[in-house]
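Participant: Just a sequence and a predicted model for now, questions to come.
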Amino acid sequence: MSDEALPIEAAQPQGTPIRRLLALMAKEYAQIRRDPSTFVIAFAMPMLLLFLFGYAVSLDPRATKIALVVQDESAEAARLTQAYARSPYFHVRVLRSVQPARDLMMKDEIRGFIVLPPDFGVAMARGRPRPIQVVTDGTQPNQATFISSYAEGVRANWAMSEMEARGLRNIGPPIDVSQRVWFNPGLQSRFFLVPGSIAIVMTMIGTLLTALVVAREWERGTMEALMATPMRMTEFIASKVLPYFLLGLASMALCTLIAVVMFGLPFRGSILALLLIASAFLLPALGLGLFISATTKNQFVASQMALFASFLPTFLLSGFIFEIASMPWPIQALTYAVPARYLIPALQTVFMAGDVWAIILPNVGIMLLFGFFFFFLCFRATRRSLDA
């Protein structure tokens, strides 16, 4: 074996470890500064994702287009029509027969329609209300369920106001349900979408950027020069990890500031808890990225593997968009291997509930275990690559 092909462990380190590490980190920071795509991924793309999930993406139903088929000319039917028209959840088009409503739904211009029967007012005056019909588009099950439940809610509130107007306010159901929603009283989807988007950002910075660092050295031919330098394996790995670790924390701080200031997201926890959660997640993210980079030695292949191994599982299997409990049990079992599954509940807890350590610490511990495992794989893959 020639001197140029000696593994890193064979060289005799010169100088103090701190000086060698600082020199290697200075080289890495200089390389980051020369690469504009790093700052785009670390700062520009997080802001774009936050704006998309904060403003463009919303699971809050508002102004859903429906038709209201009013087949009765009574005052009761008119008041119920006004109740539906005033609801912020519906954009109502009033019709007089069912067939035009069917045609509109077939043309995808409305998502459902409500039918008030011809004798609706007479039945109300006799104290025996007629049921109303709610027809929804089943091609979109979630929206169909929403229309059915909210249409019934508007009718129930209207019926209660009618009873009070007739002096029957003391007559009510045997059980009165009083609902209280903790942590997110307005049930705003933004309050859990934005923390989830922060998890996506950290995944991209931790895995996608570091997936390119070692592969870049091989492609540019600088790995041979690094192998000739007197450094240890731990110093080589640390010089690649620490700059992106600090970059990830800076991006987390920027995302948190935007989430609180621009989107009005509550932050009921502490900075210490947020720092602990972010640091614990960056370890598996960085370790996975370096492992991919060391095994592929090609930037294009490394970026594709990073997307498939980290970004897509984080987006689909972490509970960010899709409820894990509603998945089939084999997929639920697969989610336990996704580190972001433990990041998102911890982030949502810090933002909306506070420092609930009974939730934060177990998730942090599992993320640290993932980090140790990926760095173990990274050390073995890097050693084999350098010895090759």
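Facilitator: Structure received. Numbers count the residues shown, from 1 in each chain.
Participant: all strands for the stretch 1-150 of the chain, in order.
Facilitator: Ranges of strands within the stretch 1-150 of the chain are 64-70, 90-95, 112-116, 133-136, based on DSSP state E, counting those that start in this stretch.
Participant: residues of the second one that come out buried?
Facilitator: What that stands for is strand 90-95. Of the residues in strand 90-95, those with enough neighbours to count as buried (16 or more other C-beta atoms under 10 Å) are 90, 92-93, 95. The way it works is simple: take the backbone N, C-alpha and C, and place the C-beta from them, glycine included.
Participant: likewise stretch 314-328?
Facilitator: The neighbour-count check on stretch 314-328 (16+ other C-beta under 10 Å) flags 314-315, 317-320, 327 as buried.
Participant: out of the residues you listed, who's nearest Leu116?
Facilitator: Of all the buried residues of stretch 314-328, the one sitting nearest Leu116 is Met327; the distance, using C-beta to C-beta, is 39.7 Å.
Participant: what does stretch 189-196 contact?
Facilitator: Residues external to stretch 189-196 that are found in contact with it (C-beta atoms under 8 Å, 6 or more residues apart in numbering): 50, 53-54, 57-60, 184, 259, 263, 265-266, 318, 320-321, 344, 347-348, 351-352.
Participant: Now restrict the residues you listed to buried residues only.
Facilitator: Burial of the contacts of stretch 189-196 was assessed by neighbour count (16+ other C-beta under 10 Å); the buried members are 50, 53-54, 184, 259, 263, 265, 318, 320, 344, 347-348, 351-352.
Participant: And the furthest pair within those residues?
Facilitator: Across those, the longest distance by C-beta to C-beta is 20.2 Å; it joins Phe263 and Ser318.
Participant: now, the most widely separated pair of the buried residues of stretch 314-328?
Facilitator: The largest separation in those, counting by C-beta to C-beta, is between Thr314 and Met327 at 15.0 Å.
Participant: Buried ones in the longest helix seen in the chain, by neighbour count?
Facilitator: Ranked by residue count under DSSP state H, the longest helix found in the chain is helix 357-387. Taking 16+ other C-beta under 10 Å as the basis for neighbour counts, the residues of helix 357-387 that come out buried are 359-360, 363-364, 366-368, 370-371, 373-375, 377-379, 381-382, 385-386.
Participant: could you measure Glu219 against Lys297, distance?
Facilitator: Taken as C-beta to C-beta, to the nearest Å, the spacing of Glu219 relative to Lys297 amounts to 8 Å.
Participant: my bad, Leu48
Facilitator: When C-beta to C-beta is applied, the distance between Leu48 and Lys297 equals 30 Å.
Participant: With neighbour numbers in mind, choose between the two.
Facilitator: A count of neighbours by other C-beta atoms under 10 Å puts Lys297 above the other of Leu48 and Lys297, at 17 against 13.
Participant: For the stretch 51-200 of the chain, which segments count as helices?
Facilitator: For the stretch 51-200 of the chain, helices defined by DSSP state H, counting those that start in this stretch occupy the ranges 75-86, 98-106, 120-125, 141-165, 190-203.
Participant: Mind checking the pLDDT average for the shortest one?
Facilitator: Confidence for helix 120-125, expressed as mean pLDDT, is 80.
Participant: Packing partners of it?
Facilitator: Counting by 3 or more C-beta pairs under 8 Å, 6 or more residues apart in numbering; DSSP states H and E, the packing neighbours recorded for helix 120-125 are helix 75-86.
Participant: so after the least confident helix or strand in the chain by mean pLDDT, what's the next helix or strand?
Facilitator: Here the helix or strand of the chain ranked lowest by mean pLDDT, DSSP states H and E is helix 223-227, holding a mean of 66. Counting by DSSP states H and E, the next helix or strand C-terminal to helix 223-227 is helix 233-261.
Participant: From Asp119, how far off is the residue of the chain most remote from its centre?
Facilitator: Relative to the centre of the chain, and counting by C-alpha atoms, centre = their mean, the farthest-placed residue is Arg126 at 51.8 Å. When distance is defined by C-beta to C-beta, Arg126 is 10 Å away from Asp119.
Participant: go on, Lys107?
Facilitator: Going from Lys107 to Asp119 by C-beta to C-beta gives 30 Å.
Participant: Between these two, which has more neighbouring residues?
Facilitator: A side-by-side neighbour count of Lys107 and Asp119, using other C-beta under 10 Å, places Asp119 first with 15 against 8.
Participant: Wait, that one touches Pro129, no?
Facilitator: No. The pair Asp119 and Pro129 fails to qualify as a contact (C-beta atoms under 8 Å) at a distance of 10.5 Å.
Participant: Surely Lys65 and Met105 touch.
Facilitator: No. Proximity of Lys65 to Met105 does not meet the contact threshold set by C-beta under 8 Å, at 9.8 Å.
Participant: which residues are common contacts for the two?
Facilitator: Residues within reach of Lys65 and of Met105 at once, by C-beta under 8 Å, 6+ apart, are Arg111.
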